[in-house]
Structures are given as C-alpha cells and as structure tokens.
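>>> Pasting the sequence and the predicted model now:
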Protein chains: 2
Amino acid sequence: MPREIRLNAFDMACVGHLQHGMWTHPADRSVNYKRLDHWLDMARLLERGLFDGLFLADVLGVYDVLDGSPDAALRSAAQVPLLDPAVLVPAMAAVTTQLGFGITANLSYEAPYLFARRMSSLDHITGGRVGWNIVTGYLDSAARAMGLPAQGAHDDRYDAAEEYMELVYRLWEESWAEDAVRADRMAGIYADPARVRRIRHEGRQHRLDALHLVEPSPQRTPVLYQAGASARGQAFAARHAECVFLNGGPAPAVAQQVAALRAATSRPIRVFVGATLVLGRTEAEAQAKLDDWRAHASVEGALAHASASLGVDFGKYGLDEPITAESNAIQSNLLALARAGGGLATKRTLMDQFILGSRQRPMVGAAGRIAEELIAYAEATGVDGFNLSRTVTPACLEDVVELLVPELQSRGAYKTAYGPGTYREKLFGAGPRLAPPHPAALLRR
Amino acid sequence: MPREIRLNAFDMACVGHLQHGMWTHPADRSVNYKRLDHWLDMARLLERGLFDGLFLADVLGVYDVLDGSPDAALRSAAQVPLLDPAVLVPAMAAVTTQLGFGITANLSYEAPYLFARRMSSLDHITGGRVGWNIVTGYLDSAARAMGLPAQGAHDDRYDAAEEYMELVYRLWEESWAEDAVRADRMAGIYADPARVRRIRHEGRQHRLDALHLVEPSPQRTPVLYQAGASARGQAFAARHAECVFLNGGPAPAVAQQVAALRAATSRPIRVFVGATLVLGRTEAEAQAKLDDWRAHASVEGALAHASASLGVDFGKYGLDEPITAESNAIQSNLLALARAGGGLATKRTLMDQFILGSRQRPMVGAAGRIAEELIAYAEATGVDGFNLSRTVTPACLEDVVELLVPELQSRGAYKTAYGPGTYREKLFGAGPRLAPPHPAALLRR
C-alpha cells in the first residue's frame, strides 16, 4: 500500500491569495469572498472530498514595498481587502461535521487572554475541529497599524512567541482541571471552584492574572501548525508544532527538511507541502486549462506580493538588472529563485516564474498521472499530504474532488471515509488532547 | 393603532446570564451553550417570531467580589464559563436571513485595527445584520486578566472610548470611498488606490497608521447600542448610540429617561427596555410556571453577580445588617434596591428580590394580558421595544413566539413580516448607513 495522502485546501478570506489575477477569469468566484454562501459551498465541497481541513491564511498589514506603496496590491487585490478568517469558521462548521478548520493568527498583536478565549470558543462550537497556524508576522505595515514604528526583530519575535505559547497553554490546559465541570443540576453546582486555577504570569511581554474564561474544549489546545523555515523557526516547530507547512520544491531537498524536522522531536509531526494543481481528464485538457488560466495571471499582484515577502522593492530595478538584497537571507532566497528560473536574479527571471501569478510552479496534467506523481513525491519525501492553493475557484477544488480524489483512492492512497473524533484524532489516530512530551500536555492536571 | 413593539432576545454565551439558577431546571437547555445546534435552533426560533435581534452580552473577567473569590460565580455558573459571543454570530447567520445580531464588545481591551476588521467581516458575511453594544467594562478582574493592576476610572474610560470611537469610525467610514471597489475583471482592477485612504491617528490611547483591511460592508459601522446610565454615559449615548438599553422600572421614571435621551440628540434613537416574562395561556398557568421556575433560583449566583455589579461584598454582612457603600453612586443604587424591596438595604431585602435569581422583577401572566401591559408601557414611556432576558430556555422564548407574538399582532402592535434590508434599515426604515448628523457619517467621503 502506498503512503496515505492527506489534503488540505489552502485559502484566504480575500480576492487574491497566492495565484494572483485568477479572480479576473470569468469562471472564478473569488470576488464572492465576502458572501457566506461562497464559504458554505466550499466547506461542503471539501467535506465531500474528504479533505482533512481548510486552512485560512491571514496577514495583517498590506503589501506596500513595491514602489513604496500599496497601490499595486489594491489594484490586483493581492491579499487586500481581507476579512478576519475566524469569522468564517463557525458558519462553515454549521454545515459540516468532519472538516477541520485551520486559521492563521499572529500572536504578536493578539492579547493572550482574549485570543485564548476565542480559540477555545471555536473549539467548543466546532466540536474540536480547530487548528492554529502560529505566525509572528513580517510586515512593518502591520506594526504601524498596531501603533508601533516597525515590527520587532526576527529572533525577538520568536522569544516573545515562546512566552506567548506558555501563557496560552496555561490558560488552555492548566486553568480548568479535567473534572472541574460537574454540571450537577440537583446539587446546583456547575463548576467545582477547587478544580479551577487562576493563572498568574509576569513575563517580559505579558502580564496576566486570571482564570481562563472557557471550560475545557474537546481539544483544549487547538491543533498547532507552524511554517517557519529559519533555524529559529525550526526549533520553534520542534518544540510546539504538530503539523508543519513546507513550501515545496524538489523531492530530495524536501526529504531532507522532513527528516530534519522529525529528527528534532520525538513527537509525531505531520508535514504538508504546498502544491498548485491544474487537473484535467486528459493531459491535453489540463494543458488547455493552464493556458486559459495563465492568460489571467497578474504580474503586478505577484510583484507586489514578492516585494513585500522578500522586503525588496522590485520597482527600483530594470527588467534585466541584477537584484541585490541587503540581508544574506534574502539574497539567498533571490538566488534560489534565480536558479529555479535558470539564471540571474532579475525582475525578468522572477516574472518568468509567475506562471499563475505566483512563484509556485503548478503541477499540470491528467488526474491519474498527477495522483501518481503525488504518491511518488510523498514516498520520496515522507510528507503526509498537500496543502492545495487555489487557482480558479471553485473549479480548481471541484477538479480535485471529482478527478483527483478518485484516482488517489483507486490506488489505495486516500481515505474513503473520515476517521472518528476531533481534528487531532483524525490527524494522529490518538486522543483529542495533546500528549506528553508536548509542553502543553505537561501543564494539564 | 398602538405604538409598534419590537423584541430583542437578550442572552449570553454562558450557562447563567441574569436569572441565576434556571439552568438547574430539568427543562432548561442552557448547559448546551457550547454546542452549535443550541444557537442555531435559537436563531431559527427568533426569526420565526420576527424578533428584531438576538443580543449577546459579554463581560471580561469574573465575579469575584462576593467573599473576595470567584467561587460562588463558578459554582452557580454566573457568567462563567463564557464563550466569545462573536464566534456564534456567523453560524446563526448561516441559518437565518433576517434576524439581527448584537454583540457586546469592550473597547478598553480590543485593538482598534483588529476589532474594526472583525466587525466589518461580520457585517459582510451577515449581509449587514450586525450591531455593537459599546461597553468599557467595569471589573478589576478583567483589567488583571489584561495585565493591568485595575480598571481605569469611570470618566477616563469614557475619554478613552471617545478616542476609540473616532478611530474605528475613520476605519469604517473614511478609509474606503464608496466607489473604491471596482472589481473590474476586464481591466484587472479590483480597487482604485486613489479612493482608498490611509488613516493616521496619534491619540492619547492609540496610534495607528493603516488602511482599513476591509472594503465597505453593507452597514459600514455596525448598529451602535449603548446602555450607560451615568451622566457621562448619557452624553456618550447622545453622541454615538442609535439604540439604547434601559434597565426598566416604573413607567414614569422610564418615560423621563426616554424623554431626556431623545432631547439630547436630533437623531432618532430606539430605546429597548429590559424585561423578564413568565407567560401562560392563562393566569394560573403562568403563576404555576413562576412557582416551578422559582424553586430553581440561585441566591448564591444572584449575590455573586450583584456584589460584583455594585462593588460591595455582601458576604461581609449579616442578613439584617444595613449595607453601606463607600461611593454615593453605589449607596444610591442600594437605596433604590431597598425601596423596591420595601425597606432597609440589607442582604435579606436584596435576596427577597431575587425572584428568578436576579433583581429584575418578572412580568407574570396570561399572554394576552401581558401583551396589553407591554403595549401600555410602551405608550406610557415611549420605548420602542423590549429586551427579553432568558429564564428557563428555550421554553421562555417558545412562549414568546407562540403565545405573546400572536397577541401583540392581533392588537396591531407587532409586525407580521420583516421589513427590507439591513439591521439598520429594519430599525429605522432609512438607509443602510449612518446618516448625518451622526459623527461617523460626517467622515464618509
């Protein structure tokens, strides 16, 4: 039997997520991102396709590095305007019973007491179907929106994140003992005060002295996702993450990343790798679809996004001028991009890679062949599944559900029914709560 | 024709809201507060009864003044544990099309940039059905949960609230011009950058330099509710509120309050007064229901709540010992309570008023007679409707929908269908947006 493949849909509550410009395709429905039925239909479709989850990205601030202005991002709707992803989850939970929901939340700007309550509330009402993609943000524009001159330095953000995690773990896991809620109508006792503990915390970033406002939810701590690629990010993932997102790339390099992640912790880690699929019943149909979609790619949106992600204003460069970056990390990113594009890091080589308006090269082909490629990739790398970014939506997801999933199933690489229980139980086949040696589990009484 | 009466349901995402102890009644379903179907069923019921809205209270912190501990509140589930009300709204919006949703949010602890985005997101996905009950909080336990030694002084909180309102108005009304979103697929232009403005604010409490992340929602600013009873609270309401909650009481006193509110502003103001109903098909049936429910009232929960609300630890007093308070405002509250109880302000006179576990005296009777009382009260006071607190739930709301609403309708005092449009349009019969002279409307371009 091949390795089981899991699928997540990767989306964002906005018009243009990663594949910029696709909203201009006549079949695309991304402009309905602010309508509830758009998301309800998507949740039903994903559950029909036995997706593990829908992951909603989020970013505070706007992409204003290109030409030093947000204009390109606004024109191309590159992640702006953007709704709060947390408001979509309860509605989708109302029309599904199995699908998991991951949301990205930036711990640099969320008060831990309020954030912990919101996540616990979501975990209750979804019956334990919530995950959290932990991010610390990377945009100065977000810092300015929050009244700060600029974001903190990368490693300082990770220090603050460590403190934040400890604090929310204490609220989620320590404040209410497992047997705190009695709900005894005859005795008139709802909770046993002796089993509810005040959390007192005085740290560098946060102070708090409070009970957690919410009784234990099915999972207590939401399923923890992380995507940090830096050394510090990897150490953070090894300590906290249950699932890790990787950007993807050639199998040998990803296999190495996966092995390093798994070697860094004794806990099981599920790894999802980003993928963009263009599927057809035949190779020709898929290729025609790519050509059709590609005509709608927005280079402007892709440049606005890439400029902000890398912190390099591509507007300053001529088409064939070598692009240089101040920091070594960014320069090495640029070189990697240039290598992928087969040449120097220039605006032209970069733009050549925006096949569907993003830097991620799509996998294009007949669903059966793509199924085999995904299976082979999972075998070669050890990843557990794929995080599928949207192109022309919902057509791209309908293709996955109708064409790809049956091909994966017929090869024994995809489930034919959901497993029981919460999101965590479905992912790991164990209990609904974090287990030792995870640091959160050690706080539970 | 009698004055039209509007109904709101007043609830909270917890076991015990105002009528403490009712959850111990065998027919009560409040313990299901953490299950989505509980709220979906309630939303459907309220929409069937043509309620204007469901209002969800919220309070950060716990009631820990009685005996200097949260124990009584925890035992009796007096507003603890408590979910984030904002997570319930999207789910209920998914199963209704007309019902409005009000949520209480404490502006002392919410970052304006994030809060404005959340409310705009809710307004979009509900199709303009969102209201905000503006509060500044009153519990030291909330301040401690947020890392502060104690809450700010009453008038300082209102100063901060004025700054906060200006800032969120600018995000909601000024940042995106009415014609900023073009969504032009052919031109590939989603938003016109020239019509999106950065908001820069440097105030005493907040700094911000950002675009609002969300394009204009149906109502832009949610319907604004306020309940402040102090002179400063009334001035705040006159400037900002579209709807005001009053606690209720004898008609002449309420008529005076309503007249003062309306005299303080040239804008139309809808006034909702709190009411607790115990309804039957006959007087005897209603009285039997009261007796049955009353046997489940929790004096402990009521004391915990009242102690925290008044800031007086009733645990220190003997049953018949006169209760004294340091502040004049609290002492006058106590005297008012004592007068209502017909004697001295003592724990016994206070406890005698906890008929259904709260200080609000229920209206008990056959639905037809109660309908006439409500109509007469509305005529005598000029209030627009009633904010109905839950007792034994959902039985109490089923009684309203099945018994009271038809009686009001047959007397021409209640709508027989929803009006068109957003929550604001349904409330005021005008447009979906705030209109001048409201300060928010003046910021719109």
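Looks like it arrived, so ask away.

>>> CA only for contacts and neighbour counts going forward, please
Noted.

>>> Give me every residue in the stretch 251-400 of chain A lying close to chain B.
The interface of the stretch 251-400 of chain A toward chain B, taken as CA under 8 Å from any CA of the partner chain, is made up of A:S298.

>>> Strands along the stretch 251-400 of chain A, start to end?
Here the stretch 251-400 of chain A has its strands, by DSSP state E, counting those that start in this stretch, at A:270-275, A:277-280, A:363-366, A:385-389.

>>> I'd like the distance from the last one to the chain centre, please.
It refers to strand A:385-389. 10 Å (CA atoms, centre = their mean, to the nearest Å).

>>> what sits up against that strand?
Here strand A:385-389 makes contact (CA atoms under 8 Å, 6 or more residues apart in numbering or on different chains) with A:4-11, A:18-19, A:245, A:271-277, A:378.

>>> Return the nearest residue of the stretch 301-445 of chain A with respect to chain B.
A:G301 (10.1 Å; CA to the nearest CA).

>>> Where does pLDDT dip in chain A?
A:329, A:337-342 (pLDDT under 70).

>>> mind listing what A:L83 touches?
The neighbours of A:L83, taking CA under 8 Å, 6+ apart as the test, are A:A13, A:C14, A:K34, B:R117, B:R118, B:S120, B:S121, B:L213, B:V214.

>>> which one of those residues is nearest A:V223?
Distances from A:V223 to those, taken as CA to CA, are shortest for A:A13 (20.4 Å).

>>> Pull up the gap between that closest one and chain B, please.
Using CA to the nearest CA, to the nearest Å, one gets 9 Å for the distance from A:A13 to chain B.

>>> same thing with A:V87?
From A:V87 to chain B the distance is 6 Å (CA to the nearest CA).

>>> ok, that residue - how many residues close by?
A:V87 is flanked by 22 other residues according to other CA atoms under 10 Å in any protein chain shown.

>>> ranges for the strands of the stretch 101-250 of chain A?
Counting by DSSP E, counting those that start in this stretch, residue ranges of the strands within the stretch 101-250 of chain A are A:130-135, A:181-184, A:189-191, A:199-202, A:207-210, A:223-226, A:243-246.

>>> List the contacts of the shortest one.
Residues lying outside strand A:189-191 but in contact with it, judged by CA under 8 Å, 6+ apart, are A:A180, A:V181, A:R182, A:A183, A:D184, B:L74, B:R75, B:S76, B:A77.

>>> Return the members of those classed as buried.
A:A180, A:V181, A:A183, B:L74, B:R75, B:S76, B:A77 (16 or more other CA atoms under 10 Å in any protein chain shown).

>>> residues near the closest residue to the third one other than its chain neighbours, how many?
Yep, that's A:A183 we're talking about. Closest residue in space to A:A183, ignoring its immediate chain neighbours: A:Y190 at 4.0 Å, by CA to CA, 6 or more residues apart in numbering or on different chains. Look at A:Y190: counted by other CA under 10 Å, it has 26 neighbours.

>>> Ok, A:L397 next?
Neighbour count of A:L397, defined by other CA under 10 Å: 24.

>>> So it versus A:S389, what's the distance?
9 Å (CA to CA, to the nearest Å).

>>> any bit of the one helix or strand A:L40 maps to sitting next to chain B?
Following DSSP states H and E, one finds A:L40 within helix A:36-48. Yes - Helix A:36-48 lies within reach of chain B by CA under 8 Å from any CA, at A:L36.

>>> re the thing from before, for the residue of the stretch 301-445 of chain A closest to chain B, give me its contacts.
So A:G301 contacts A:H20, A:G21, A:A72, A:A73, A:R75, A:S76, A:A77, A:A78, A:G357 (CA under 8 Å, 6+ apart).

>>> Can you pull the phi/psi pair for the last one?
Backbone dihedrals for A:G357, given as degrees, to the nearest 10, come out at phi 80, psi 20.

>>> swap in the fifth one?
In terms of degrees, to the nearest 10, the main-chain angles of A:R75 are phi -60, psi -40.

>>> doesn't B:G188 make contact with it?
Yes - judged on CA atoms under 8 Å, A:R75 makes contact with B:G188 at a distance of 7.4 Å.

>>> list the buried ones in stretch A:232-250?
For stretch A:232-250, by 16+ other CA under 10 Å, it's A:233-246, A:248.

>>> And for stretch A:26-36?
Using 16+ other CA under 10 Å as the test for burial, stretch A:26-36 gives A:D28, A:R29, A:S30, A:V31, A:Y33, A:K34, A:R35, A:L36.

>>> chain center to it, what's the gap?
Stretch A:26-36 has its C-alpha centroid displaced from the chain centroid by 20 Å (CA atoms, centre = their mean).

>>> So which residues make contact with it?
Here stretch A:26-36 has contacts from A:13-16, A:22-23, A:38-39, A:83, A:88, A:91, A:392-395, B:94, B:121, B:124-127, B:183, B:185, using CA under 8 Å, 6+ apart.

>>> Endpoints of it, how far apart?
20 Å.

>>> Same check on stretch A:390-407?
Distance between the boundary residues of stretch A:390-407 (CA to CA) amounts to 20 Å.

>>> Please spell out which residues along that stretch are buried.
So, applying 16+ other CA under 10 Å, buried residues of stretch A:390-407: A:390-401, A:403-407.

>>> Now do that stretch: everything it contacts.
Residues outside stretch A:390-407 that contact it (CA under 8 Å, 6+ apart): A:9-11, A:17-19, A:22-23, A:25, A:27-30, A:42, A:45-46, A:48-49, A:276-281, A:293, A:356, A:367-368, A:370-371, A:414.

>>> likewise stretch A:362-371?
Taking CA under 8 Å, 6+ apart as the rule, stretch A:362-371 contacts A:275-287, A:290, A:355-356, A:403-404, A:407-408.

>>> tell me how far the ends of that stretch are from each other?
Taking CA to CA, stretch A:362-371 runs 14 Å from one end to the other.

>>> can you give me how far it is from the chain middle?
23 Å.

>>> Repeat that for stretch A:67-84.
Relative to its parent chain, stretch A:67-84 has a centroid offset of 20 Å by CA atoms, centre = their mean.

>>> ends of that stretch, how far apart?
The first and final residues of stretch A:67-84 sit 27 Å from each other (CA to CA).

>>> same check, this time on stretch A:203-213
Start to finish, the residues bounding stretch A:203-213 are 21 Å apart (CA to CA).

>>> Also stretch A:259-270?
The first-to-last residue distance of stretch A:259-270 comes to 12 Å (CA to CA).

>>> Just the residues contacting it, thanks.
A:234-235, A:237-239, A:241-244, A:382-384, A:427-428, A:437-438.

>>> mind listing which of those residues are in helices?
If you go by DSSP state H, the contacts of stretch A:259-270 have A:Q234, A:A235, A:A237, A:A238, A:R239, A:L427, A:F428 in helices.

>>> Can you tell me which of those residues is nearest A:L208?
A:R239 (23.2 Å).

>>> And the helices in the stretch 1-150 of chain A, which stretches?
A:36-48, A:71-76, A:88-94, A:112-125, A:140-145 (DSSP state H, counting those that start in this stretch).

>>> Out of those, which gets nearest to B:R157?
That would be helix A:112-125 among those, by CA to CA, at 19.2 Å.

>>> and the angle from the closest one to strand A:130-135?
Angle of helix A:112-125 versus strand A:130-135, following axes from the mean of the first three to the mean of the last three CA atoms, to 10 degrees, is 150 degrees.

>>> helices or strands next to helix A:112-125 in the packing?
Contact analysis of helix A:112-125 by 3 or more CA pairs under 8 Å, 6 or more residues apart in numbering or on different chains; DSSP states H and E lists helix A:88-94, strand A:130-135, helix A:154-169 as its packing neighbours.
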